[in-house]
Structures are given as structure tokens and as C-alpha cells.
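Colleague: Quick one, fold the following:
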Amino acid sequence: MLAKTYGGAVYGVSAHMITVEVSVSSGTKFFMVGLPDNAVKESQKRVESAIKYNGYTMPRIKTIVNLAPADIRKEGSSYDLPIALGILSASGQILTASLEEYFIMGELALDGLLRPIKGVLPIAVEARKNGYKGFILPKENAEEAAIVNNLDVIGIETLQEAIAFLEGKINIKPLDRDTRDIFYENVNDYEADFANVQGQENIKRALEIAAAGGHNVIMIGPPGAGKTMLAKRLPSILPPFSLQEALETTKIHSVAGKLGTNTSLIASRPFRSPHHTTSDVALVGGGGNPQPGEISLAHNGVLFLDELPEFQRSVLEVMRQPLEERKVSISRAKISVEFPANFMLIASMNPCPCGYHNHPDKECVCGPGVVQRYLNKVSGPLLDRIDLHVEVTPVSFDQMTEDRPAESSDKIRERVVTAREIQTQRFASNKQIFCNAMMTPHGVKEICQINQAGKTLLKAAMEKLGLSARAYDRILKVSRTIADLAGSEEIKIEHLAEAIQYRSLDREGWAD
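Modeller: The predicted model follows:
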């Protein structure tokens, strides 16, 4: 007898439909085919135990389980439930006509309890796309799947409950969630706020400019100056998520298994801060079955690299292409996937190994040439992709104890959103560019035009401060953003002057 159940396999951030075919016929032995990995092959033992524990019988005749299409590799433990239900149906132990109406996924414990799985959201999207009535899955994953509308999401806790539902013995009400309500309820949910930061007004201003134009930032300063604290507050001033951005980001976190149980939609911009010992695969993604890395988990949000020179150089270099293309392509012998990676890079570093080079009060103990060697750990091509270089100085006691309240993130965000709306109109005809930081050299030449006085100032600054040629386009992009924040159609001298000061590491002799 033949039975079929349906599920999904995740590749990249999308899913493909998988048909689980079970044939029980005369003969002996159990066979599983269709390119299963070890975790899928081991499901035989879990399924057999769960079936017996719930009072059913594992067939002792020839049983073939085929995971189709057979040329796509199947990985993970989420096929346990459809395999178990297929075996029970093919052996005539359960009778139901509704088995083929649902996508079914879930990992079984030995006693038939269901454990949560990852990648539920793209599988739910695939189920709706293929016109299935609903999706039967572990209860802990139901909230995540429920953000897909026009799909009955049936959250269950045990194998026995799934059987009773399919046979019509019990009625389980589909989980219904209004995606927009969930989204708007949490869209401004940030724990950190700039209102809690005393002093550092120049750094707040730099981060406001970065948020307004989508610029990458590196902060250089001594230990304890507040670099990490300020970086953690950046997402709170970025423009609020759109619903489409929230769904894109949630899908990536779902595939990576980072959503957690009973979680539905990521409504606030992500902030990822990998440790400096992370590997290149962990940062950009990869593996035998490619998984998204930190740069994809930071999609539509912020990637914060603390102590930048402490990262392995090879790890940092793999970011160069994703920073330009806003995506990462991972190719293997039998599969090639693409993960989105549109993130803002915020990096911080000490100015030298001891941390006190150029400190106003403490003396640097690093020897001759040590500071320059330390800075050289970060390559020029990577620095070339960072628009703002900001020096962070320690906050004085008087600033820390001020009674005057600091400006809140909401107030700063209002200005950022206004500037982004100007850029949205500016780049309306180009679907590949959304903010000033994404402008091409041709776009910079066309959009960031300056008058003769501006050219004179920029020339003098480059000659006097010893700014490199690569700083030219960056200064113009940042000055365009500053002008947008000021509501100015033209780039004025004061906008250029402010942009010039954000190129610390390009100055000749900075490390002397």
C-alpha cells in the first residue's frame, strides 16, 4: 500500500516542496531513499519508538520511504512526523483522506512528543504557494508560521494528537494572527535609547548622519569611552521597518534557527555583534548545507564589529564583496545559494594596542611604529568601504553628572526619517539604490555637485590634512547626507566642512 505526505526543504532563504512517499509491501527490511543525510536516516529509530509508544505497530515487512525529488539532499530531523504518519497510513493503521491536504513537519521524541524545528516560515510560504489547505507542525513553531495568511496553521504537541486530528476525532482551531497588528505592536520596541547617553554629542551627530545616509562607521577611541554603548543604540534611530523588510529578516532568522520558540515576526531592526574570534564561514555564511552568517542575520539592520583589528584579516576581507553588492553568494559542488546582506557596518577599535594613543590624559606606552602596525591590521580596501571615521574621547565627570536630559532616539529618528524620504524621492527611478551610501561614482558626480568655493575648501583640506584620494567620494556622499538632514538642496561649505572631519584615518601622520 502506498501513502504520501508533504513537507518542505529549505535552501538559502526559500523552500522547496518535498513529497514523502511510503510503500509497505511483501518482503523484509526498511529502506530510505532520496538523498537523506544521517539525521534523516536516523529518523527510523525515532519513528519506530514513537509509533510503538503510542500503541501502534511498526511494519515488519518491506517498507520503502522515498523523499522526492530524489536529486535534492534532505537534511535535519524535521521529516520525522510526515514519515511516521506515512508509515501508519500505508500500513492501514490510520484511515484518513485529509493526509494529502496538509504540509506536515516536525521532529519526534521517542515517546511521540514533538520538538520544534527551524526554517518554518519559508516552508509555510511554500505550502500556501502550492495551494495546500494547511500546515501541521510543532506547537512551538505555530506562531512563526501563522504570519503567513490564507493557510490553516495547526500546532500540535504529540504524534497521537496529529493522528486524532487527521482522523477527525478532535478539532484543532487553526492559529490566526494578524501580521500587521503584530508588526505595528513591536516596530518601535528598542531597549536602548540615546536619552540615556550623557555627553558624546559629536558621536551622536556622526551616528545620526550614518543612519540618515546608510553610511558605514568606524569609531576609534580608548577603552571605556562608550563606543559599544553608542553602537548598540544605533538601531533605535534607523527608519522603522517596513512590513516587507520585517518578513525578509524574519525568514533569514527562521532558516538559521535563531527565532526561538513561540516567536512570530521580527519587527525591530536586528543588531548583531559577533566576537572577534568568529570564523569567515560564521560571518558570511556557508557549510555543507549553506546557512546564513552574521552579515545576513544583520540584513536590514546593524552589524557591529567590536575591536576590529583583533579579527583575523581573512575574516574581514570576505566582507568586502558583500559590502558592495548587498548580498552574499555561496557556491558548493552541488548547490549554489544566495543570502541577502544589506546591513550597516559599525566598527570600533582602540587607536593602539595599549589603547591610549592621542588620549587627553593618559600616556601611550606603545613603541615606535607599533600604532601604525596595529592600524594596518585593517586593510585599506575595507576602510575604503567605511564612510565615517570618528574619534571618540572619554566623557568628563561634569558631562556624566549633567542634569540636562539628553535628546531621545525618537527625536533623532524623526530627522533621520525625513532625510531618508528625500533620498527615496531622489532615487525613485533606480530600484538598486535606496540611500546616499549606495551611490555609484557616476551618481556621486551627478548628484553631489559643489560650487567653486566648495571645491576650493575640499582641495585645501585634502592638501593640508593629507587626505587620500579614496576620501574624495566619501566626503561628497556624507556631505550630501548632511545637506539632506539640513533640508538643503545644495551642498554648502558648512556641509563639506563637517564631512571632512569624519575622515580621521585618512589623515597622513594620524598614527605618529
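Colleague: tell me how far the ends of stretch 70-85 are from each other?
Modeller: For stretch 70-85, the first-to-last residue distance is 20 Å (CA to CA, to the nearest Å).
Colleague: Which strands or helices does whichever strand in the chain runs longest pack on?
Modeller: Longest strand in the chain by number of residues, with DSSP state E as the criterion: strand 14-25. Counting by 3 or more CB pairs under 8 Å, 6 or more residues apart in numbering; DSSP states H and E, the packing neighbours recorded for strand 14-25 are strand 2-11, strand 62-68, helix 80-90, helix 120-129. Placement of C-beta: from N, CA and C, glycine included.
Colleague: in the chain, what secondary structure element scores lowest on mean pLDDT?
Modeller: Within the chain, confidence by mean pLDDT, DSSP states H and E is lowest for helix 397-400 among all helices and strands, at a mean of 68.
Colleague: re earlier: can you list the strands that the longest strand of the chain pairs with?
Modeller: With DSSP bridges as the test, strand 14-25 is paired with strand 2-11 (antiparallel), strand 62-68 (antiparallel).
Colleague: which of these sits most buried?
Modeller: Of all the strands paired with strand 14-25, strand 2-11 carries the top mean neighbour count, a mean of 22, counting by mean count of other CB atoms under 10 Å.
Colleague: Report the angle between it and helix 120-129.
Modeller: Angle between the axes of strand 2-11 and helix 120-129 is 130 degrees (criterion: axes from the mean of the first three to the mean of the last three CA atoms, to 10 degrees).
Colleague: How far does strand 2-11 sit from its chain's centre?
Modeller: Offset of strand 2-11 from its chain centre (CA atoms, centre = their mean, to the nearest Å): 27 Å.
Colleague: what's it in contact with?
Modeller: 15-23, 72, 74-75, 78-79, 82-83, 85-87, 89-90, 99-100, 102-105, 118-119, 122-123, 126-127, 132, 255, 335, 337 (CB atoms under 8 Å, 6 or more residues apart in numbering).
Colleague: how distant is stretch 375-390 from the center of its chain?
Modeller: In this view, stretch 375-390 has its centroid 23 Å away from the chain centroid, taken as CA atoms, centre = their mean.
Colleague: what comes up buried for it?
Modeller: Buried residues in stretch 375-390, counted by 16 or more other CB atoms under 10 Å: Leu375, Val378, Leu382, Leu383, Asp384, Arg385, Ile386, Asp387, Leu388, His389, Val390.
Colleague: can you tell me the distance between the two ends of it?
Modeller: End-to-end distance of stretch 375-390 (CA to CA): 14 Å.
Colleague: With stretch 171-179 instead?
Modeller: Criterion CA to CA; first-to-last residue distance in stretch 171-179 is 24 Å.
Colleague: what's the answer for stretch 219-232, then?
Modeller: 13 Å.
Colleague: repeat for stretch 298-317
Modeller: Stretch 298-317 end-to-end distance (CA to CA) = 18 Å.
Colleague: which residues of the protein score low on pLDDT?
Modeller: Within the chain, the ranges that satisfy pLDDT under 70 run 261-262, 397, 399-401, 469-470, 506-512.
Colleague: In terms of residue numbering, what are the domains of it?
Modeller: Listed by automatic domain parsing, the domain ranges of the chain are 2-177, 192-395, 430-512.
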